[in-house]
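K.L.:
No letters, just coordinates:
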Ligand code: PEP
Ligand code: MG
């Protein structure tokens, strides 16, 4: 298998009928970087910056942050990298963060962009480190757990201030800055067009989005197999997101676990996703599926089944049958 996947790296990342789909990888630490070449990823679709904070025993200094970001961009050799601002809180606790509070519902609590907007010093330091590390290159930045568009505007103000600050001191700035939002909270599903207009790109965090759409704790093993990520309602949600992206010419990608399983990656591509980000080990198996995929047939399959699954069968079973037949 490994041999097959290695051979596949040389092949274009296209469906059998020639439609390009970018297969990106998720990463978070310097040790992940060699995987970029080994897995043959088109770039890093999600760099989880909080991992540096989680493996440290105190807040990483601005210099250490900048060094990591610089190393990542060096290792990427011009391939795109999307940095996510720190996604702490919830289940990702920093023992040394004195401001942390006990919460009854941490997943719904003071986390991610909510926390960093309340502690703007944290966000400013990180953004400055990212801007400096990206001098002369494009910086792609995304915000986790966005709930309201106002949070994007607030983050943008902080970013703009840092850009002004650095340019005043004649720092080498990024050639361009793209700001994206993660779509993880269902409130955004009811303002998709506004969302698409408010950002340069959107990345679906399907782990959290599924958790909140289905009201199922993503870490609860008792419930792990109860609800299906490939059930019709969730697939319809994903289709609406892909459609809104296309309608507004806003690039949409997905970076949750869903992207890493060939059957669900197939579904995502059929629903309109042209860029997905996954763990490096998944790139080979997903590319093997991609190069065999007759996309036009899959689109027709969804036209027929998404709103009214054949014989009332579960979508997963229908998708599996589609894959087996081909
Ligand atoms: C997600 O929620 O799908 C995601 C990619 O973010 P994380 O898994 O880090 O919460
Ligand atoms: Mg998430």
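P.N.:
Everything's here; your move. Everything quoted here is computed from the prediction, not taken from an experiment. Residues are numbered from 1 along each chain as shown. Ligands and ions are numbered 1, 2, ... in the order given.

K.L.:
Need the residues that contact the strand or helix carrying residue 323.
P.N.:
If you go by DSSP states H and E, residue 323 is part of helix 315-325. With C-beta atoms under 8 Å, 6 or more residues apart in numbering as the contact definition, helix 315-325 has outside contacts at 228, 230-232, 235, 262-263, 266-267, 289, 297-298, 301, 305-306, 309-310. The way it works is simple: take the backbone N, C-alpha and C, and place the C-beta from them, glycine included.

K.L.:
What about ligand 2: which of the residues you listed touch it?
P.N.:
By C-beta under 5 Å from the ion, no member of the contacts of helix 315-325 lies near ligand 2.

K.L.:
Those, buried ones only, as a PyMOL selection?
P.N.:
To isolate the buried ones among the contacts of helix 315-325 in PyMOL, judged by 16 or more other C-beta atoms under 10 Å, type:
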select buried, resi 228+230+232+235+262+266+267+289+298+301+305+306+309
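
K.L.:
Phi, psi for residue 128 please.
P.N.:
Per-residue torsions, residue 128: phi -60, psi -40 (degrees, to the nearest 10).

K.L.:
shouldn't it be in contact with residue 63?
P.N.:
No: judged on C-beta atoms under 8 Å, residue 128 makes no contact with residue 63 at a distance of 10.9 Å.

K.L.:
and the two? which has more neighbours close in?
P.N.:
The neighbour comparison of residue 128 against residue 63 (other C-beta atoms under 10 Å) goes to residue 128, with 21 against 10.

K.L.:
Look up how far ligand 2 lies from the residue nearest to the more buried one when sequence neighbours are not counted.
P.N.:
Nearest non-adjacent residue to residue 128, counting by C-beta to C-beta, 6 or more residues apart in numbering: residue 162, 5.1 Å away. According to C-beta to the ion, to the nearest Å, residue 162 stands 24 Å off from ligand 2.

K.L.:
Pull the number of nearby residues for residue 162.
P.N.:
20.

K.L.:
Next: the one 4 residues further on.
P.N.:
The local packing of residue 166 (other C-beta under 10 Å) involves 18 other residues.

K.L.:
Would you mind giving the secondary structure of residue 97?
P.N.:
Secondary structure for residue 97, judged by DSSP: H, G, I helix; E, B strand; the rest coil, is coil.

K.L.:
you'd agree it is up against residue 111?
P.N.:
No: assessed by C-beta under 8 Å, residue 97 is found out of contact with residue 111, at 11.6 Å.

K.L.:
Looking at these two, which has the bigger crowd around it?
P.N.:
Higher neighbour count among residue 97 and residue 111: residue 111, with 22 against 16, using other C-beta under 10 Å.

K.L.:
Spatially nearest residue to that one, not counting backbone neighbours?
P.N.:
Going by C-beta to C-beta, 6+ apart, residue 111 has residue 89 as its nearest residue, at 2.8 Å.

K.L.:
Torsion angles phi and psi at that neighbour?
P.N.:
phi 90, psi -180.

K.L.:
Which secondary structure element is home to residue 202?
P.N.:
Here residue 202 is assigned to strand 201-204, by DSSP H and E.

K.L.:
before we move on, what about residue 24?
P.N.:
Per DSSP H and E, the secondary structure element for residue 24 is strand 22-27.

K.L.:
next SSE after that strand?
P.N.:
helix 35-39.

K.L.:
In terms of secondary structure, what does that following helix contact?
P.N.:
In terms of contacts (3 or more C-beta pairs under 8 Å, 6 or more residues apart in numbering; DSSP states H and E), helix 35-39 is packed against strand 22-27, helix 280-292.

K.L.:
Name the nearest residue to residue 48, ignoring sequence neighbours.
P.N.:
residue 28 (3.7 Å).

K.L.:
Could I get the buried residue list for the longest strand anywhere in the chain?
P.N.:
Scanning the chain for the longest strand, with DSSP state E as the assignment, gives strand 176-183. The neighbour-count check on strand 176-183 (16+ other C-beta under 10 Å) flags 177, 178, 179, 180, 181, 182, 183 as buried.
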